[in-house]
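Peer 1: below is the sequence, then the predicted model.
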Amino acid sequence: MTRIFAFIRKIVFAILLIRLAAYAQMPKGWDTSDARSVGLDLTVTRTGKTSLHLAGTDAQKQTYISQDFKADRFQGKRVRFSAYVRAKDVERRAMLMLTVDDGSDGDWMNNRPIQGTVDWKKYELVVQVPTNSIGIEIGARIVGKGELWLDSLNFEVVDMSVPVTTPSPDEFRERLKLKLSRQPDQPENLSFAGPLLRSRTFIYKTVGNLPISADVFRYEGDAVQPVVVMIHGGALITGGREVPEWPRNDLVRRIVDLGFVVVSIDYRLAPETKLPAIIEDLEDAFNWVRSQGPILFHGNPERIAAWGGSAGGYLALSSGHRVKPPPRAIVSLFGYGDLIGDWYSKPSTNHGKNRPKVTEAEARAAVRGAPVSNDRQRQASGGTFYVYCRQQGSWPHEVSDWNPFTEAEKFFPYMPLKNVSTKYPPTLMMHGTADTDVPYEQSRLMAAELQRHNVEHRLITIDGGEHGFGGGDPKAIDAAYSAALEFLQKHLKN
């Protein structure tokens with residue numbers, strides 16, 4: 001028996017050495033943003049040989065691999081860059097890249113980003129190379145957290161009959177018009193005068209040795225302003241308060257430009273912390289904004305709204321009945337009010353399809369340790385544990401320690417769907433009809449309950465929108481966000 005265990009240890013050690021050796025080298029000709037996050041993978045491949053692996057570990061950073069070469073041989077020709085790509089838990093977006101002359105022309109897959117988890121799939125980018133081009137760049141990029149594997153890469157000249165994948169002039173013009181619709185009519189602040197946009201981090205509570213923080217965004221000054229409490233998603237298991245790509249984040253800037261303070265909060269995460277304590281953090285965060293906001297960042301304690309997406313949408317909806325007094329308005333993006341329905345308490349076919357089965361050992365290794373209030377405090381991402389929960393149908397039990405079938409009543413005090421009353425705050429919801437993570441039906445159920453109690457509400461539907469609205473019409477999505485901002489103005493300023 002001792003010899004068998006020794007043999008097993010040698011095998012495991014050899015596999016680890018192979019993987020580490022792969023990550024100790026970069027393929028010739030390629031450049032990367034972070035050599036520690038990019039490398040060869042001998043264990044996950046499509047062809048059985050090797051693949052290139054990119055790991056995005058920071059919600060606010062980009063991880064990429066690329067190479068540049070001269071365009072001389074390809075001037076005036078049409079070229080195609082293709083690769084088989086496998087994606088895992090891409091929270092924001094990922095893409096292949098084929099650009100000409102340092103990005104002045106090319107395809108970044110902006111109109112068809114890779115999101116979520118996707119099994120091996122072939123992607124093709126086709127670009128017309130101008131006759132005076134100097135250089136070409138190919139590669140791949142992850143924005144935020146997630147993983148990519150690349151295999152069977154190919155670059156070739158194609159016939160002029162092959163359509164380019166770059167946006168047409170009309171498509172580009174429409175996107176530009178959409179972007180410029182929110183911009184001023186002329187240049188402004190050329191002297192750099194006026195208030196500065198600042199962000200500060202505060203600890204709003206401490207549990208044992210664990211500080212729980214909030215980031216505050218506002219223009220400097222003493223004006224008392226309404227507050228929008230922004231609550232991150234991540235299934236109560238992963239994520240954090242960090243605003244992606246700050247200070248370029250369009251949503252936060254649009255909210256702050258309306259004269260609001262944005263407070264983005266952390267809260268303790270499951271499974272290390274269970275549901276009642278997570279909701280306690282939500283309540284304490286609002287109490288802190290109300291009691292300390294006027295002192296720390298000139299927040300108006302009487303004009304507070306909640307805004308959240310996915311599990312953050314659930315928490316925003318929960319603030320409507322758990323926070324006393326409740327916020328004046330709630331915005332929920334692809335959120336939910338039910339915790340024990342079949343969609344959460346039975347195995348999800350969407351999370352088992354086109355993705356490897358997560359073992360219990362893999363899942364629990366990712367969340368083993370002391371309580372955390374941000375996924376960055378873990379050694380590994382909690383996303384692996386979440387996928388395991390959805391594949392097993394064990395999410396309700398894992399975040400609460402309660403059985404959703406025999407102890408359903410224990411969940412009821414924490415379910416917005418069970419706690420709507422005539423005193424519930426005005427609510428705006430946005431949801432995509434093709435959402436495979438949180439079913440569109442969840443927002444429809446909340447809308448029906450709000451209607452039953454005569455609560456002011458609106459459900460904005462994004463046709464064909466996935467979780468996060470991917471695949472939806474950009475115009476419809478932009479209009480939905482604009483409607484949400486108007487909703488905030490109505491209830492926080494009027």
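Peer 2: Right, received. Where do you want to start? Predicted, not measured: the structure shown is a model, and the values here were computed from it.

Peer 1: doesn't E280 make contact with L315?
Peer 2: No: using CB atoms under 8 Å, L315 is not in contact with E280; the gap is 11.8 Å. For glycine as for every other residue, the C-beta is placed from the backbone atoms N, C-alpha and C.

Peer 1: comparing the two, which residue is more hemmed in?
Peer 2: L315 (28 against 16; other CB atoms under 10 Å).

Peer 1: so which strand or helix has the more buried one?
Peer 2: helix 311-322 (DSSP states H and E).

Peer 1: next: L54.
Peer 2: Using DSSP H and E, L54 falls in strand 51-56.

Peer 1: now do that strand: distance to the chain's middle.
Peer 2: Distance of strand 51-56 from the chain centroid (CA atoms, centre = their mean, to the nearest Å) equals 19 Å.

Peer 1: what do you get for stretch 114-126?
Peer 2: 18 Å.

Peer 1: return the set of buried residues in that stretch.
Peer 2: Neighbour-count burial for stretch 114-126, counted by 16 or more other CB atoms under 10 Å, picks out 114-118, 120, 123, 125-126.

Peer 1: list just the nearest of these to Y219.
Peer 2: Ranked by distance to Y219 (CB to CB), the buried residues of stretch 114-126 are led by Q115 at 32.6 Å.

Peer 1: looking at it, that closest one is touching E466, isn't it?
Peer 2: Yes: counting by CB under 8 Å, Q115 does reach E466; the two are 7.1 Å apart.

Peer 1: pLDDT below threshold where in the protein?
Peer 2: 1-26, 35-36, 60, 102-104, 168-172, 175-176, 178-179, 245-249, 352-355 (pLDDT under 70).

Peer 1: what's the longest strand in it?
Peer 2: strand 78-100 (DSSP state E).

Peer 1: right, and the helix or strand after it?
Peer 2: strand 105-107.

Peer 1: what's the next helix or strand after that following strand packed up against?
Peer 2: Downstream of strand 105-107, the next assigned helix or strand under DSSP H and E is strand 114-128. Here strand 114-128 touches strand 78-100, strand 105-107, strand 146-158, going by 3 or more CB pairs under 8 Å, 6 or more residues apart in numbering; DSSP states H and E.

Peer 1: which of those strands is buried the deepest?
Peer 2: Scoring the helices and strands packed on strand 114-128 by mean neighbour count under mean count of other CB atoms under 10 Å gives strand 78-100 as the most buried, with a mean of 22.

Peer 1: next, the angle strand 114-128 makes with the strand holding L54.
Peer 2: Calculated by axes from the mean of the first three to the mean of the last three CA atoms, to 10 degrees, strand 51-56 forms an angle of 120 degrees with strand 114-128.

Peer 1: for whichever helix or strand comes after strand 51-56, which outside residues touch it?
Peer 2: The C-terminal neighbour of strand 51-56 among helices and strands, as given by DSSP H and E, is strand 62-70. Contacting residues not belonging to strand 62-70 are listed as 29-34, 37-38, 52, 54-57, 97, 134-144 [CB atoms under 8 Å, 6 or more residues apart in numbering].
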